[in-house]
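> next one to model:
(one chain, ligands or ions: 2)
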Amino acid sequence: MLSHPRLSVCSGGVERTGRSSALSANTCFSSNPQERDLRCILFSIAMAHDGMDNGKVKVLNPHLASLQEDVLYHLGMSNTTHDLPEMFGDVKFVCVGGSMGRMKAFAEFLRGELGLPRDEESQRNLCEGTDRYAMYKVGPVLSINHGMGVPSMSILLHELFKLLYHAGSRNVLIIRIGTSGGIGLEPGTVVVSHAAVNYKFEALFEQPILGRLVSRPTQMDETLAQELLECSKQFAEDFPTILGDTLCTNDFYEGQGRLDGAICKYTAAEKLNYLKHAYAAGVRNIEMESSVFAAMSNECGLRAAVVCTTLLNRLEGDQISSSHAVLSDYQLRPQRIIAYYIKCKLRKTQCLKV
Ligand SMILES: O=P(O)(O)O[C@@H]1C[C@H](O)[C@@H](CO)O1
Ligand SMILES: O=c1cc[nH]c(=O)[nH]1
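Numbers count the residues shown, from 1 in each chain. Ligands and ions are numbered 1, 2, ... in the order given. Here you go, the predicted model:
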């Protein structure tokens, strides 16, 4: 058996010790076999992913050490008012998406897929002290909304990564489950991002900090993207999934070359020319959060993926006019792939090469 200061042995697996960690020997001996099984399997995943820094979520900020209390203002929590290790120490997967409704629905969908009980805990919004974001926890999975655009995503990630850091979470994967506009794709095609690119099709996120423009790389985790593509084959009869670059913009209208905003001073030909250049550069879809998502996850040591459905083909139009039923089906597609992936990782189902 393994011997490590932070490990202890439990029946059917090895668990991380710690007073308040949810991956504790106590829960490992839980009378609920489903829960015990899940928690013990999680440890093997953690071991498999462990890198040189033991897979810990990092913060790159020496000033945090001098804070008496770290208030996660937009999440409605702090590291003194909440027992973050107890609440989040076992988190292994974080799924984010724009709207509160989608992420609540995803939590419920995943709970069913994992065969976990429909208890109060899995339905509780953990950000109940604020209405900025909503967060649900299903076993080792967090489902959180990030709002629209880079600033909203960036605020969430600063506070979420500090939350995971305070909780001592390890080997955490983060996946954005989103919607986007496709380029040259049948609507409903799912795109797993290879990289997030800026308006010049460079894999960089640029942020002005103290009067200077700071550039950070926005490549996605290659292995994770391949694993997700492999999982998508399960659904190949229902919808296509491809790998491509994702253009991240700061606006839905002019920023994405739409002709239907309140302001538009370019021609339809200029729009098409830009989108065709994007396609030639490898871009397959357009959305509004992937660049900061990739840049910040890379910095803080989380493996990251972006999986977005495409709601329309931007070479053919700008308005999203499909029926509610069609759009709901499109939105569910990335969720199906991610739920399957998580099940594979928790060994709840037989999977190909994953
Ligand atoms: O994840 P969602 O569907 O919220 O993301 C995309 C990008 C923008 O935030 C939004 C624009 O409709 O949809
Ligand atoms: O065209 C689209 C559709 C969804 N989200 C976007 O950012 N753009």
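> what's the closest non-adjacent residue to whatever residue of the chain ends up closest to ligand 1?
Across the chain, no residue is closer to ligand 1 than Gly98, which sits at 1.8 Å (CB to the nearest ligand atom). C-beta here means a position set from N, CA and C on the backbone, and glycine is covered the same way. Nearest residue to Gly98, sequence neighbours excluded (CB to CB, 6 or more residues apart in numbering): Met148, at 5.8 Å.
> who's in contact with the one you found?
Met148 sits next to Gly98, Met288, Glu289 when contact means CB atoms under 8 Å, 6 or more residues apart in numbering.
> who in the stretch 101-250 of the chain is up against ligand 2?
Proximity of the stretch 101-250 of the chain to ligand 2 is confined to Thr179, Ser180, Gly181 under the rule CB under 6 Å from any ligand atom.
> what about the last one, which helix or strand?
For Gly181, the element it lies in under DSSP states H and E is strand 173-182.
> kindly report the same for Asn250.
Going by DSSP H and E, Asn250 is not part of any helix or strand.
> that one: neighbouring residues, count only.
Other residues near Asn250 come to 14 when the count uses other CB atoms under 10 Å.
> can you check the pLDDT for Glu121?
We note a pLDDT of 85 for Glu121 in this prediction.
> any weak-confidence spans in the stretch 1-150 of the chain?
1-53 (pLDDT under 70).
> which parts of it are strands?
7-10, 13-16, 71-72, 77-78, 93-97, 135-138, 141-145 (DSSP state E, counting those that start in this stretch).
> any part of the lengthiest helix in the chain near ligand 1?
Using DSSP state H to define each element, the chain has its longest helix at helix 324-345. No - when contact is scored as CB under 6 Å from any ligand atom, no part of helix 324-345 falls within range of ligand 1; the minimum is 7.5 Å.
> show me which residues of that helix are buried.
For helix 324-345, burial by neighbour count (16 or more other CB atoms under 10 Å) applies to 327, 330-345.
> give the bridge partners for whichever residue of the chain sits closest to ligand 2, please.
Here the chain gets closest to ligand 2 at one residue, Gly181, 2.5 Å apart by CB to the nearest ligand atom. Applying DSSP bridges to Gly181 yields these beta-bridge partners: Ile286.
> can you give me the helices for the protein?
25-28, 33-49, 84-88, 100-114, 120-123, 150-167, 222-232, 268-280, 290-300, 324-345.
> pick the most buried one from those helices.
Stretch with highest mean neighbour count among the helices of the chain: helix 290-300 (a mean of 25; mean count of other CB atoms under 10 Å).
> which residues are contacting that one?
Residues beyond helix 290-300 that count as contacts (CB under 8 Å, 6+ apart) turn out to be 57-60, 96, 150, 153-154, 157-158, 161, 174, 176, 178, 193, 195-198, 204-205, 207, 216-220, 246, 248, 303-304, 306, 308.
> return that helix as CSV; C-alpha atoms alone will do.
In CSV, the C-alpha atoms belonging to helix 290-300 read as follows (Å, rounded to 0.1, in the frame of the first residue of the first chain):
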residue,chain,number,x,y,z
SER,A,290,-12.7,31.2,-24.0
SER,A,291,-9.6,33.4,-24.1
VAL,A,292,-9.5,34.5,-20.4
PHE,A,293,-10.8,31.0,-19.4
ALA,A,294,-7.8,29.3,-21.1
ALA,A,295,-5.3,31.9,-20.0
MET,A,296,-6.3,31.9,-16.3
SER,A,297,-6.7,28.1,-16.1
ASN,A,298,-3.2,27.7,-17.6
GLU,A,299,-1.7,30.1,-15.1
CYS,A,300,-3.3,28.4,-12.1
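> can you give me how far it is from the chain middle?
Using CA atoms, centre = their mean, to the nearest Å, we find the averaged C-alpha position of helix 290-300 to lie 11 Å away from the chain's own average C-alpha position.
> just give me the residue right at the centre of this protein.
Closest residue to the average C-alpha location of the chain: Ile175 at 2.3 Å, with CA atoms, centre = their mean.
> surely that residue meets Val96?
Yes - at 7.4 Å, Ile175 and Val96 qualify as touching, with contact defined as CB atoms under 8 Å.
> close to ligand 1: what parts of the stretch 201-350 of the chain are there?
Along the stretch 201-350 of the chain, the residues adjacent to ligand 1 under the rule CB under 6 Å from any ligand atom are Phe252, Glu287, Met288, Glu289.
> show me what Arg176 is bridged to.
On the basis of DSSP bridges, Arg176 is bridged to Val96, Val306.
> revised request: answer the last question for Leu247.
On the basis of DSSP bridges, Leu247 is bridged to Val197, Ile286.
> that one touches Tyr279, doesn't it?
No - using CB under 8 Å, Leu247 makes no contact with Tyr279, being 10.0 Å away.
> follow-up on the earlier one: let me know the pLDDT of the residue nearest to the centre of the chain.
Predicted confidence (pLDDT) for Ile175: 98.
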